[in-house]
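> predicted structure and sequence below. I'll ask about it afterward.
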Number of protein chains: 2
Amino acid sequence: MTSTEKNISPAVIKRLPRYYRYLGALKQRNITRISSKELSERMKVTASQIRQDLNNFGGFGQQGYGYNVENLYTEIGKILGLDKSNEMIIVGSGNLGQALANYRDFNESFGYKVVAMFDVNPKLIGITVNGVEVRDIDDLEDFIKHNDIKIAALTLPQDQAPKIAKSMVNWGIKGFWNFAPVDLTLPESVTVENVHLAESLMTLTYNIRSREE
Amino acid sequence: MTSTEKNISPAVIKRLPRYYRYLGALKQRNITRISSKELSERMKVTASQIRQDLNNFGGFGQQGYGYNVENLYTEIGKILGLDKSNEMIIVGSGNLGQALANYRDFNESFGYKVVAMFDVNPKLIGITVNGVEVRDIDDLEDFIKHNDIKIAALTLPQDQAPKIAKSMVNWGIKGFWNFAPVDLTLPESVTVENVHLAESLMTLTYNIRSREE
DNA sequence: TAGATTGTTAATCGATTAACAATC
DNA sequence: TAGATTGTTAATCGATTAACAATC
């Protein structure tokens, strides 16, 4: 992953998983090739955007032919880091944490693997969720270091999230999938992907209202 | 809500809930006024952007003074549709649906209220989650119509989501909070807010990789 | 009043779309 | 070869930032 790569805009990155999803669906239907034009019609974006986006990463297509579905699927998977297994932990084992542990849609499907869960609550410590044990949060440091964990889902209450996240960075975590309704301020070298559920629900109600007239 | 309003860009709308969150925090700390400059430092955006964003909706500030926190909080709440109670249903009562029903962060906090849950699974029908009964999905049409429900969280498997969503539009649903990993194609009058969890996790792994060098 | 800070216009920057030569 | 479709450059569009007159 030596970075000869130019910096790719976040807007492009955010679209990649959607391309990946569509290509996966095409693959499953045994469609072997697709042009940017046809894909653009299915996805309701411009063909130009598809070609521009993909060309950030290299010429995956062929003039006069289009793109090979299988190949493009694999290549985008590589770009997204799905070519290797991604071990992750879930910190905060309440309802949301447990739902994530059970969620088939990324677990199993794309090489993500939840290897441990953590909580402070003695009632939760020791239970097993989808085959994964909930451990005492006091064991978090050891576990991250010994197992070289890089990815953590944060499903903790808002007030606990920033402090524990800071520690986790020191222990080796490189990316947070943050569900706590708070902005984590962390070193540049660390990535945070926020899933702010309440905020997305608010934009929904805004949009409903604005269409009522 | 008569639409004298010019069309506001989605980028602006997406930022409103974050302003709202910061203002809520300021309010709780009994801070009564704030300038765009100071808010911009806390939020790590430009003061210019804050002023531009807010001015889409009217002059909430005062020259030489800044913004009244309480007032601005209330006004943004109104814009987002939080001034009235928002009743919603959850369609799909598996792990994720149940986690949402239990999730304090929007439930209770901002006037959203889950009034019913639905599922096809006989094992789930009849149970109660956080005081909300899981009903047979056959009762969905009646429930939506009789209770004038406008908002639905879709936490169904991907293959069931598009069909049921289409029916729900006919029954009166105006906005979907869609957790199924699929794009819903629905009439213009209907709003869809997607929470594509697997896709956000993929952008996380991309970003982790791209910082490794 | 003087200082501060907004609301708003103008300038810049970046992202999207269009166009087309290259080429399979 | 002729037709199709990419890769890529140029044009357009929109969003962000800078600047400053208005005004509290």
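Sure thing, it's come through.

> any idea how far stretch A:137-156 is from the chain center?
Distance of stretch A:137-156 from its chain centroid, counting by Cα atoms, centre = their mean, to the nearest Å, is 17 Å.

> all strands of chain A, in order?
Taking DSSP state E as the criterion, chain A carries its strands at A:33-34, A:61-62, A:66-68, A:86-91, A:112-119, A:128-129, A:132-136, A:151-154, A:175-178, A:191-194.

> list the contacts of the first one.
Contact with strand A:33-34 is made by A:23, A:26, A:65-69, as judged by Cβ atoms under 8 Å, 6 or more residues apart in numbering or on different chains. Using the backbone N, CA and C atoms, a C-beta is placed for each residue, glycine as well.

> next, format the residues you listed as JSON lines and append neighbour count and distance to DNA strand D.
Shown next, in JSON lines, are these (neighbours: other Cβ atoms under 10 Å in any protein chain shown; distance: Cβ to the nearest atom of the strand, whole Å):
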{"residue": "A:23", "neighbour count": "23", "distance to DNA strand D": "13"}
{"residue": "A:26", "neighbour count": "21", "distance to DNA strand D": "13"}
{"residue": "A:65", "neighbour count": "10", "distance to DNA strand D": "6"}
{"residue": "A:66", "neighbour count": "16", "distance to DNA strand D": "4"}
{"residue": "A:67", "neighbour count": "24", "distance to DNA strand D": "6"}
{"residue": "A:68", "neighbour count": "16", "distance to DNA strand D": "10"}
{"residue": "A:69", "neighbour count": "22", "distance to DNA strand D": "11"}
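
> of these, which ones also sit close to DNA strand C?
By Cβ under 7 Å from any atom of the strand, the members of those lying near DNA strand C are residue A:65.

> ok, residue A:89 touching residue A:119?
No: using Cβ atoms under 8 Å, residue A:89 makes no contact with residue A:119, being 11.4 Å away.

> pLDDT weak spots in chain A?
Where chain A drops to pLDDT under 70, the residues are A:1-6, A:213.

> stretch A:184-198: which residues count as buried?
Neighbour-count burial for stretch A:184-198, counted by 16 or more other Cβ atoms under 10 Å in any protein chain shown, picks out A:184, A:186, A:190-198.

> for stretch A:57-73, same thing?
Here stretch A:57-73 shows A:61, A:66-69, A:72-73 as buried, counting by 16+ other Cβ under 10 Å.

> ok, longest helix in chain A?
Ranked by residue count and defined by DSSP state H, the top helix of chain A is helix A:10-28.

> contact partners of it?
Under Cβ under 8 Å, 6+ apart, the answer for helix A:10-28 is A:34, A:39, A:42-43, A:45, A:49-50, A:53-54, A:56, A:69-70, A:72-73, A:76-77, A:79-80, A:82, B:181, B:196, B:198-200, B:202-203, B:206-207.

> let's see that with 7 Å instead.
Under the criterion Cβ atoms under 7 Å, 6 or more residues apart in numbering or on different chains, residues A:34, A:39, A:42-43, A:53, A:56, A:69-70, A:72-73, A:76-77, A:79-80, B:181, B:199, B:202-203, B:206 lie in contact with helix A:10-28.

> repeat for stretch A:84-93
A:97, A:100-101, A:111-119, A:124, A:134, A:140, A:149, A:151-156, A:164, B:205.

> show me just the buried residues among those.
Using 16+ other Cβ under 10 Å as the burial test, the contacts of stretch A:84-93 include A:97, A:100-101, A:111-112, A:114, A:116-119, A:124, A:134, A:140, A:149, A:151-156, A:164, B:205 as buried.

> just how off-centre is the longest helix of chain A within its chain?
Distance, centroid of helix A:10-28 to centroid of chain: 13 Å (Cα atoms, centre = their mean).

> next one: stretch A:184-200
That offset, for stretch A:184-200, works out to 12 Å (Cα atoms, centre = their mean).

> quick check: residues of chain A near DNA strand D?
With Cβ under 7 Å from any atom of the strand as the criterion, chain A comes near DNA strand D at residues A:35-37, A:47-48, A:51-52, A:54-55, A:59-67.

> let's see that with 10 Å instead.
Proximity of chain A to DNA strand D (Cβ under 10 Å from any atom of the strand) is limited to residues A:11, A:33-40, A:46-67, A:72.

> and those, which of them are in helices?
Using DSSP H, the members of those that fall in helices are A:11, A:36-40, A:47-55, A:72.

> biggest separation within those residues, which pair?
Across those, the longest distance by Cβ to Cβ is 22.6 Å; it joins A:11 and A:38.

> more neighbours: those two, which one.
More neighbours surround residue A:38 than the other of residue A:11 and residue A:38, with 15 against 9 (other Cβ atoms under 10 Å in any protein chain shown).

> who's the residue nearest to that one when sequence neighbours are not counted bridged to?
Among residues not flanking residue A:38 along the chain, residue A:66 sits closest, at 7.7 Å (Cβ to Cβ, 6 or more residues apart in numbering or on different chains). On the basis of DSSP bridges, residue A:66 is bridged to residue A:62.

> isn't residue A:66 up against residue A:35?
Yes: proximity of residue A:66 to residue A:35 meets the contact threshold set by Cβ atoms under 7 Å, at 3.7 Å.

> in chain A, which residue sits closest to DNA strand C?
Closest contact between chain A and DNA strand C, by Cβ to the nearest atom of the strand, is at residue A:64 (2.5 Å).

> before we move on, back to that, just the buried subset of the contacts of helix A:10-28, written out for ChimeraX, thanks.
In ChimeraX, a selection of the buried entries from the contacts of helix A:10-28 looks like this (16+ other Cβ under 10 Å):
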select /A:34,39,43,53,69,72,73,76,77,79,80 /B:181,199,202,203,206
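
> domain assignment for chain A?
Annotated domains of chain A cover A:10-79, A:86-199 [automatic domain parsing].

> quick one: terminal-to-terminal distance for the shortest one?
I take that to be domain A:10-79. Using Cα to Cα, to the nearest Å, the end-to-end distance of domain A:10-79 comes out at 14 Å.

> now the longest one
For domain A:86-199, the first and last residues are 28 Å from each other (Cα to Cα).

> that domain vs DNA strand C: in contact?
No: Domain A:86-199 lies out of reach of DNA strand C by Cβ under 10 Å from any atom of the strand, never closer than 17.2 Å.
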